[in-house]
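Chemist: requesting a structural model of the entry that follows:
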Amino acid sequence: MKSTHSVSHSTFDIGCSPKLLFSNRNNSCNKLVDFDIGSTSSVFLKIDEDKKQYLEITHNDILSKVLSIALLEEQGDIYTDETFSTFVLSPDCRHLLYVAENTQLNAKRYFEPGSGKNTSVGEKYLIKDNFGEGLLKKYSPTLYLFNTFTYEYTPVDWLNADYYYCDASWIDNNSFCCVGYQKNKFKLGTKYCLNRPSQIFIVSISDKSFYRLTEGHKSYRNPRISPNGKNLLYVENSIFGPHLQPVNILLSKFENGRFRTSNCVLNDVFVHFLTKNSFMCDNKFVLKCYTGNSISIFVLDLTSFDIKRISPKEDVSFSPICIKNDVILASVSSVCKKPCLLIGKFESDDVLWSPYDVDPDIDSLTIQSFSEEGMGYFFAHSTTKPAPLILQIHGGPHVVTSNAYNSPEIYTLLQLGFSMLFPNYRGSFGFTNNALRSLTAKVGSQDVSDCMFCLEDVLQKYEKFVDKNSLFVAGGSHGGFLSLHLIGQYPDLFKACIVRNPVTNLHALLTASDIPDWCLYEAAGCTDFSFNLIPTPDVVQKLQDCSPIRYVRNVKTPTIFQLGGVDARVPFSQGIQYYRSLLSIDVETKLYIYPEDGHPLDSEWAKTDVFVNSILWLKDHL
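Modeler: Here you go, the predicted model:
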């Protein structure tokens, strides 16, 4: 394999440079962009309407080169997903680190013309293991080093071959840290799964040396370097088990030429990840934390190990957007209020915030509730008379519905006169670790009971706002799983049900999903995944007992299914089985399949169609 590649001048065409298309990374739109702006140079990744990628390199604000990624040897597209993507310039702007698909081998059919160098004949249809939901075309993520002056690109191939490398951050001009995901017998789904075995590595590009900073059999992620390059902050949590769980935050200091043994700064913190560029200074780091039903901003002091909440204590959510020295840009929102920006300035131990308004945009009231058992809910209504109520259940199960502005769909439903109840059952993220783990091997029972507890509490306390004869239930993924459980276990309670990509049969899902460990942990309590997908009879029985399909003969509730045609997490066969079962017992039902959508159903056309059909289904069953 040729380790270093030079780009010929014929690959550059200034005239072919597409318009820069800015897009949020969370958006499923095919037109994505990544970029990094240094002190003297900048690099932009652009994707045109034909999904072709280009690199644009500027020096001193002057466009230097435009490079078509499609013309590079042995390299595919640069990754732009949240899981593996890296796109960072070194401090001197001489080198760019990025992750791209390695296309070293060109697979061909037998007797197919064009066989030649690096061609693997007869392997055109050999299965290629991918990283699952949302990453179906990600097979071999490879870390590359690109020289922004000579335009040479080199795979960082001197590292341990037992890992896939990503999430790199420069320490100085000659070294960086990165995450290595451990290779296994086969790949498990990685998106939304923050419990995959991984380590943190320190790498030198000058002498091609490296060492592994972390040791245990855990998931280590998000290495973040302080501005002076002396403090390395990262998170750890247990592998397998809950796909989203509280993390420990660790600190490693640079001493005598290398980063030394790490100290645990905080235990069981409810953060999804450590965001980049969140150091206020060398010893203070800004965190986005989940606190019950809300999102709050905290500052972690790396000298005293103290953590302090700096966002106001309102019944709304605050999220950090950008930190620059002692100034923070944040957003504030609620279920009934669209996000607005505010600026905070650090002065001594306090933060002075610019004026902001937390009053709802629509005539509504939000009521929050918490219990000592580690669960909660919030209830939103926009009328002064009894209104139909939608029990809207989140998926996961170890995520949370925060009181932040979640979607225009929920906002619109409130405007249309529906009340909304969002239960955060035990097992939800952001309450306590014990509560989160209490759901293990109890899905389909404990979480169902918790949802019913929240519903009954609202019906009792706020009966003047709710029409008890017009109750609806809706949810996606595990929320769909619970919705189907509820209409099966309480067949006379709900007037209609809406489910998106629901789990219906855990036994069938075990070998069909990209995350079989989820099935074994949530339903059977298996905490040590061994890549052995042949369950014992006892495990099979537990999978069947937890499944909504168990209660399908009881169902009377009209139900609509909305399924993704390329969903690798919960394949559409799950919904079809339940749908056909309802047809067989003459229950009113509809099923929609969106052929190009995965688990989130987040393409523009799918989101529009899902929302309109949901509104019509609710309207038809009022």
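Chemist: ranges for the helices of the chain?
Modeler: 408-415, 433-437, 446-461, 478-489, 506-509, 516-524, 537-546, 573-584, 604-620 (DSSP state H).
Chemist: quick check: buried residues in stretch 325-342?
Modeler: Burial within stretch 325-342, assessed by neighbour count using 16 or more other C-beta atoms under 10 Å, is assigned to 328, 330, 331, 332, 333, 334, 335, 336, 337, 342. C-beta coordinates here come from the backbone N, C-alpha and C atoms, glycine included.
Chemist: how close does the fourth one get to residue 292?
Modeler: For residue 332, the distance to residue 292 under the criterion C-beta to C-beta, to the nearest Å works out to 17 Å.
Chemist: ok, now the fifth one?
Modeler: If you measure residue 333 against residue 292 using C-beta to C-beta, the figure is 16 Å.
Chemist: tally of neighbours for residue 438?
Modeler: Residues lying near residue 438 (other C-beta atoms under 10 Å) number 17.
Chemist: quick one, strands of the stretch 201-350 of the chain?
Modeler: Assigned by DSSP state E, counting those that start in this stretch, the stretch 201-350 of the chain shows strands spanning 209-212, 219-225, 231-237, 247-255, 258-259, 263-269, 279-281, 284-291, 294-301, 307-309, 317-324, 327-334, 337-347, 350-353.
Chemist: now do the fourth one: distance to the chain's middle.
Modeler: Yep, that's strand 247-255 we're talking about. The chain centroid and the centroid of strand 247-255 are separated by 24 Å, computed with C-alpha atoms, centre = their mean, to the nearest Å.
Chemist: can you list the strands that it pairs with?
Modeler: strand 231-237 (antiparallel), strand 258-259 (antiparallel), strand 263-269 (antiparallel) (DSSP bridges).
Chemist: okay, the last one in PDB with CA atoms only?
Modeler: As requested, C-alpha coordinates have been extracted for strand 263-269 and formatted as PDB (Å, rounded to 0.1, in the frame of the first residue of the first chain):
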ATOM      1  CA  ASN A 263      -8.100  11.500  38.000                       C
ATOM      2  CA  CYS A 264     -11.800  11.200  38.200                       C
ATOM      3  CA  VAL A 265     -13.200  14.700  38.500                       C
ATOM      4  CA  LEU A 266     -17.000  13.900  38.600                       C
ATOM      5  CA  ASN A 267     -19.000  10.700  38.900                       C
ATOM      6  CA  ASP A 268     -22.400   9.900  37.300                       C
ATOM      7  CA  VAL A 269     -22.900  13.200  35.400                       C
END
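Chemist: how long is stretch 323-337 end to end?
Modeler: Stretch 323-337 has an end-to-end distance of 24 Å (C-alpha to C-alpha, to the nearest Å).
Chemist: residue numbering should commence at 802 henceforth.
Modeler: Sure, I'll start counting at 802 from here, so that last one is stretch 1124-1138.
Chemist: measure the most far-flung residue of the chain relative to its centre to residue 1054 for me?
Modeler: Centroid-distance maximum for the chain: residue 912 at 42.8 Å, with C-alpha atoms, centre = their mean. According to C-beta to C-beta, residue 912 stands 61 Å off from residue 1054.
Chemist: list the contacts for residue 1362?
Modeler: 1300, 1301, 1303, 1376, 1379, 1380, 1390, 1391, 1392, 1393 (C-beta atoms under 8 Å, 6 or more residues apart in numbering).
Chemist: out of the helices of the chain, the one nearest residue 1111 is which?
Modeler: Closest to residue 1111 of these is helix 1234-1238 (C-beta to C-beta; 23.7 Å).
Chemist: pLDDT on that closest one, on average?
Modeler: Mean pLDDT, helix 1234-1238: 95.
Chemist: give me the contacts around that helix.
Modeler: Contacts of helix 1234-1238 (C-beta under 8 Å, 6+ apart): 1042-1043, 1046-1047, 1069, 1174-1176, 1199, 1227-1230.
Chemist: in PDB, list the C-alpha atoms belonging to stretch 915-934.
Modeler: This file holds the C-alpha atoms of stretch 915-934, laid out as PDB (Å, rounded to 0.1, in the frame of the first residue of the first chain):
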ATOM      1  CA  GLY A 915     -11.800  -3.200 -15.700                       C
ATOM      2  CA  SER A 916      -9.900  -5.500 -13.400                       C
ATOM      3  CA  GLY A 917      -6.500  -4.200 -12.500                       C
ATOM      4  CA  LYS A 918      -4.500  -2.800  -9.600                       C
ATOM      5  CA  ASN A 919      -6.100  -3.300  -6.200                       C
ATOM      6  CA  THR A 920      -9.000  -5.200  -7.700                       C
ATOM      7  CA  SER A 921     -10.700  -8.000  -5.800                       C
ATOM      8  CA  VAL A 922     -12.400 -10.200  -8.400                       C
ATOM      9  CA  GLY A 923     -15.400 -12.200  -7.400                       C
ATOM     10  CA  GLU A 924     -16.200 -10.200  -4.200                       C
ATOM     11  CA  LYS A 925     -18.600  -7.700  -5.700                       C
ATOM     12  CA  TYR A 926     -21.500  -9.100  -3.700                       C
ATOM     13  CA  LEU A 927     -19.600 -10.200  -0.600                       C
ATOM     14  CA  ILE A 928     -21.300  -8.700   2.400                       C
ATOM     15  CA  LYS A 929     -19.600  -5.600   3.800                       C
ATOM     16  CA  ASP A 930     -20.200  -5.100   7.500                       C
ATOM     17  CA  ASN A 931     -21.300  -1.600   8.300                       C
ATOM     18  CA  PHE A 932     -22.000   0.400  11.500                       C
ATOM     19  CA  GLY A 933     -25.700   0.100  11.400                       C
ATOM     20  CA  GLU A 934     -28.500   2.700  11.600                       C
END
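Chemist: quick revisit: could the helices of the chain go into CSV alongside distance to residue 958?
Modeler: Putting those into CSV (distance: least, C-beta to C-beta, whole Å) gives the following:
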stretch, distance to residue 958
helix 1209-1216, 46
helix 1234-1238, 39
helix 1247-1262, 46
helix 1279-1290, 40
helix 1307-1310, 37
helix 1317-1325, 30
helix 1338-1347, 41
helix 1374-1385, 40
helix 1405-1421, 39
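Chemist: could you find the closest non-adjacent residue to the residue nearest the centre of the chain?
Modeler: Among the residues of the chain, the one closest to the centroid is residue 993, at 4.0 Å (C-alpha atoms, centre = their mean). Ranked by C-beta to C-beta, 6 or more residues apart in numbering and with sequence neighbours excluded, the top spatial neighbour of residue 993 is residue 1044, at 6.4 Å.
Chemist: ok, residue 936 next?
Modeler: Nearest residue to residue 936, sequence neighbours excluded (C-beta to C-beta, 6+ apart): residue 992, at 5.7 Å.
Chemist: show me what contacts the one you found?
Modeler: Counting by C-beta under 8 Å, 6+ apart, residue 992 touches 882, 883, 884, 932, 933, 934, 935, 936.
Chemist: in those, find the pair that's most separated.
Modeler: By the measure C-beta to C-beta, 883 and 933 form the most distant pair in the contacts of residue 992, at 13.8 Å.
Chemist: so for those two, which residue has more residues nearby?
Modeler: More crowded of residue 883 and residue 933, by other C-beta under 10 Å: residue 933, with 22 against 14.
Chemist: pretty sure the more buried one contacts residue 987?
Modeler: No - Residue 933 is beyond contact range of residue 987, at 10.3 Å (criterion: C-beta atoms under 8 Å).
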